[in-house]
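**Q** With the input below, show me the fold.
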Amino acid sequence: MSTFEYDMLMALISLDYIRICTARITFFWININQRMIAKKVAPFFCVLSVLTAFACVKKIDFNFKPQVVPSGQLSSVPVAENNFKVIGYVPEWSLGSTSIQFDKVTHLNYAFLLPTKEGNLNPIEDVYLLKDLVTKAHQNKVKVLISIGGWNHGDDSAFKSISKNTDYTKNFAKQIINLVDIYDLDGVDIDWETPKFGENDKNFINLMKTLSQSIHDKKKLITIAIPSMDADGILSEVFQYIDWANVMAYDSFYDLSNHSSYALAIASLNYWKQKGLSREKTVLGVPFYGRARKEYDWLSYILYRDLVGQGANPNLDNTNGTMYNGIATIKMKTNLALKTVSGIMAWELSGDTNDKNSLLNAINEEKLNFR
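**A** Next up, the predicted model:
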């Protein structure tokens, strides 16, 4: 890649970053004001947003400066390959039909198990499938965690209830340990994605402290899933109690043209680094699905395998207005993760193909070729 081509790429990424910064401000403004009022002052606010966005660009951490490695040219940046995690979420509803490439992952997150408001756990729908997953994973030296929570249509009332009641918290920890023991699991992934600042942020810390003590006493793993940015309810004190955090750098409302751009990956990693999340505890999340979002909604969702099956180019990121991460972008993000954090995570494995267009295979190739 020539110096000119590299500079042009950096300019495009910087412009994308500006759009994300601007959109963050605008989105916040629209949500705290009535739409009619926002429209009246929109011209003035847009100018302010752009000026603020340029200021945001100056905050880019150049330790995360992307370097595209052309075919045949390997990066010279060393990395402890054996410590690099490749994590795949396996939804309960897709487990029976998903063919897992065990040789290309290090960890699997079985998703999701929902908690009750008293700290109990709802039953697993298919015990046999979970046991079979754990057996096959362990035969391939892959660890399996149970993911508790998830988006759940925005309902986090159970976590709120558990975290503010000491008895519920203790019961929650006890139920998780029992589950880990029964199914020979390697840990737990807590997916309370949206604790609120000033409302339950301190409760989240206390919850994770209690869980950490119980889980780590058993020599098991405890992780969390966190949004790409704007997560004031997740305080840095939480980080000492976890083994790592999966950064969900997708489903972004900041840039409606692409819910999971490369610029969003950079911005997300910088956001959490500035909040005190160490490289060793940061895992970059990537999507195995696409969205054709035109408004602030959650309705447009299509698996990568279905997009390719309908004729989408696996090496591009756009088909008829639906944005996804193709092989080239997944490799770029994997390269970024190899250079700057400790792993990469995919939501979710049933969205992948099992042929030459496999995104998990693209991750594995980039990992193997990285030096």
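
**Q** now stretch 309-326: how far from the chain's centre is it?
**A** For stretch 309-326, the gap between its own C-alpha mean and the chain's C-alpha mean amounts to 20 Å (C-alpha atoms, centre = their mean, to the nearest Å).

**Q** Can you show me the CA trace of that stretch as CSV?
**A** Only the C-alpha atoms of stretch 309-326 are listed here, as CSV (Å, rounded to 0.1, in the frame of the first residue of the first chain):
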residue,chain,number,x,y,z
GLY,A,309,-27.3,-17.2,0.0
GLN,A,310,-29.4,-14.5,-1.6
GLY,A,311,-26.5,-13.3,-3.7
ALA,A,312,-24.6,-10.8,-1.5
ASN,A,313,-20.9,-10.5,-2.2
PRO,A,314,-19.0,-12.0,0.8
ASN,A,315,-16.1,-9.6,0.2
LEU,A,316,-18.3,-6.5,0.4
ASP,A,317,-20.3,-4.8,3.2
ASN,A,318,-23.4,-3.7,1.4
THR,A,319,-26.2,-5.3,-0.7
ASN,A,320,-29.2,-3.3,-1.7
GLY,A,321,-28.9,-1.1,1.4
THR,A,322,-28.3,-3.9,3.9
MET,A,323,-25.0,-3.3,5.7
TYR,A,324,-23.0,-6.3,7.0
ASN,A,325,-19.3,-7.2,7.6
GLY,A,326,-17.8,-9.1,4.7
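
**Q** Next, residue 285: secondary structure please.
**A** Using DSSP: H, G, I helix; E, B strand; the rest coil, the secondary structure recorded for residue 285 is strand.

**Q** which residues does it bridge with?
**A** Beta-bridge pairing of residue 285, defined through DSSP bridges, involves residue 345.

**Q** And residue 171, how close does it get to residue 191?
**A** Per C-beta to C-beta, to the nearest Å, residue 171 is found 19 Å from residue 191. C-beta here means a position set from N, CA and C on the backbone, and glycine is covered the same way.

**Q** Looking at the two, which one has more neighbours?
**A** In this view residue 171 and residue 191 are compared by other C-beta atoms under 10 Å, and residue 191 has more residues nearby, 26 against 18.

**Q** right, and the more buried one touches residue 147 too?
**A** Yes: the criterion here is C-beta atoms under 8 Å, and residue 191 meets it with residue 147 at 5.4 Å.

**Q** Which neighbours do those two have in common?
**A** In the contact map built from C-beta atoms under 8 Å, 6 or more residues apart in numbering, the residues linked to both residue 191 and residue 147 are 111, 112, 225.

**Q** and which of those residues is nearest residue 273?
**A** Within the shared contacts of residue 191 and residue 147, proximity to residue 273 (C-beta to C-beta) peaks at residue 225, which comes in at 17.5 Å.

**Q** hmm, who's touching the strand or helix carrying that closest one?
**A** In this assignment (DSSP states H and E), residue 225 forms part of strand 221-227. Identification of contacts with strand 221-227 by C-beta under 8 Å, 6+ apart yields 143, 145, 147, 149, 186-194, 208, 211-212, 215-216, 234, 238, 241-248, 272, 285.

**Q** any weak-confidence spans in this structure?
**A** Along the chain, segments meeting pLDDT under 70 span 1-82, 97, 294-298.

**Q** can you rerun that using 80?
**A** Within the chain, the set of residues satisfying pLDDT under 80 comprises 1-82, 96-98, 153-154, 253-257, 293-299, 371.

**Q** how close does the most centrally placed residue in it get to residue 174?
**A** Most central in the chain under C-alpha atoms, centre = their mean is residue 248, positioned 2.1 Å from the mean C-alpha point. Between residue 248 and residue 174 the distance is 28 Å, computed by C-beta to C-beta.

**Q** ok, now residue 183?
**A** Using C-beta to C-beta, one gets 15 Å for the distance from residue 183 to residue 174.

**Q** In terms of neighbours, single out the busier of the two.
**A** Set side by side, residue 183 and residue 174 give different neighbour counts by other C-beta under 10 Å, the larger being at residue 183 (16 against 13).

**Q** quick one, strands of the protein?
**A** Chain-ordered strands for the chain, with DSSP state E as the definition, fall at 85-91, 107-113, 143-149, 187-191, 221-227, 244-248, 282-287, 289-290, 302-303, 318-319, 322-323, 343-347.

**Q** between the last one and strand 85-91, how big is the angle?
**A** What it means is strand 343-347. Taking axes from the mean of the first three to the mean of the last three C-alpha atoms, to 10 degrees, strand 343-347 and strand 85-91 form an angle of 20 degrees between their directions.

**Q** With just CA atoms, put strand 343-347 into PDB.
**A** Extracted in PDB, the C-alpha atoms of strand 343-347 (Å, rounded to 0.1, in the frame of the first residue of the first chain):
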ATOM      1  CA  GLY A 343      -9.500 -11.300  21.500                       C
ATOM      2  CA  ILE A 344     -12.400 -11.200  19.100                       C
ATOM      3  CA  MET A 345     -16.000 -12.200  19.600                       C
ATOM      4  CA  ALA A 346     -18.800 -13.000  17.200                       C
ATOM      5  CA  TRP A 347     -22.500 -12.700  17.600                       C
END
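
**Q** Who are the packing partners of it?
**A** For strand 343-347, the packing partners by 3 or more C-beta pairs under 8 Å, 6 or more residues apart in numbering; DSSP states H and E come out as strand 85-91, strand 244-248, strand 282-287, helix 327-340, helix 359-369.
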